[in-house]
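Novice: Only the shape, not the letters, is given here:
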Ligand SMILES: C[S@@+](CC[C@H](N)C(=O)[O-])C[C@H]1O[C@@H](n2cnc3c(N)ncnc32)[C@H](O)[C@@H]1O
């Protein structure tokens, strides 16, 4: 959902799965077509122009095993309705993989850049017109359970990567792999969720 140019879709298709990408952008879908053709998975990848609001018209209700919705909930008008659409597309017991921007990391980033008023507004959940939403870990869980998902597990994503100057990672041999290992080590620790740039949720449709 909002699979864009197919960075994930093609990798999932390469593992043998059939993938449908729903995205409003015709340009992204054209790149998806080209990418899936070049990777030899065109027969397993279908692009459909549409959005979260039109899912019930595009996808047979209760027919999907897994939905990936990464980096999309931030830009929809109504996150509750969007998650209800996704729940409707999934079969009972199906899995949702949801990735959202995490608010507290954005507050810290604004403050560290000297934008203290913006940081304060973001802390209170106030957004300038058109700015993408941010979610706390608690809000993410509440949204998912409210849409009928169970077994919600949260993972911290990009806890350190956006704080460390890239020069430090690029210059030191082995630093990039060590940073990835550190990210992996904290991903499942709840105390790191408030520091994470993104929160990843896995949830089951009841
Ligand atoms: C930040 S990109 C994320 C792309 C991809 N999911 C990823 O993780 O690499 C956001 C995508 O959401 C799509 N999008 C924007 N509004 C949407 C909506 N209302 N419903 C579904 N997709 C939407 C955009 O066209 C874009 O491809």
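Specialist: Now that the structure is in, tell me what you want to look at. Bear in mind that the values here come from a model prediction, so they are computed numbers and not experimental data. Numbers count the residues shown, from 1 in each chain.

Novice: Next SSE downstream of the helix or strand hosting residue 181?
Specialist: Per DSSP states H and E: residue 181 is located in helix 175-187. Next helix or strand after helix 175-187 toward the C-terminus (DSSP H and E): strand 198-205.

Novice: Quick check: residues of the chain near the ligand?
Specialist: Proximity of the chain to the ligand (C-beta under 6 Å from any ligand atom) is limited to residues 1-4, 7, 23-25, 28, 51-52, 70-72, 75-76. Yep, even glycine has a C-beta here, placed from its N, CA and C like the rest.

Novice: redo that, cut-off 5 Å
Specialist: Within the chain, the positions lying close to the ligand (C-beta under 5 Å from any ligand atom) are 2, 4, 7, 23, 25, 28, 51-52, 70-72, 75-76.

Novice: PyMOL command for the buried members of these?
Specialist: For the buried members of those, the matching PyMOL selection, counting by 16 or more other C-beta atoms under 10 Å, is:
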select buried, resi 2+4+23+28+51+52+70+72+76
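
Novice: Determine the angle, from 0 to 180 degrees, between the helix holding residue 181 and strand 198-205.
Specialist: Relative orientation of helix 175-187 and strand 198-205, computed by axes from the mean of the first three to the mean of the last three C-alpha atoms, to 10 degrees: 50 degrees.

Novice: Contacts made by helix 175-187 with the rest, please.
Specialist: Residues outside helix 175-187 that contact it (C-beta atoms under 8 Å, 6 or more residues apart in numbering) are 155-161, 164, 168-170, 192, 200.

Novice: Pull out the buried residues from that helix.
Specialist: Residues 179, 183, 186-187 are the ones in helix 175-187 that count as buried (16+ other C-beta under 10 Å).

Novice: tell me the two of the residues of the chain next to the ligand that are most distant?
Specialist: Taking C-beta to C-beta as the measure, those span a maximum distance of 19.9 Å, between 7 and 76.

Novice: so where do the helices sit in this protein?
Specialist: Counting by DSSP state H, one finds helices in the chain at the ranges 7-14, 26-39, 55-58, 79-89, 103-112, 116-123, 137-146, 166-171, 175-187.

Novice: Alright, calling it a day.
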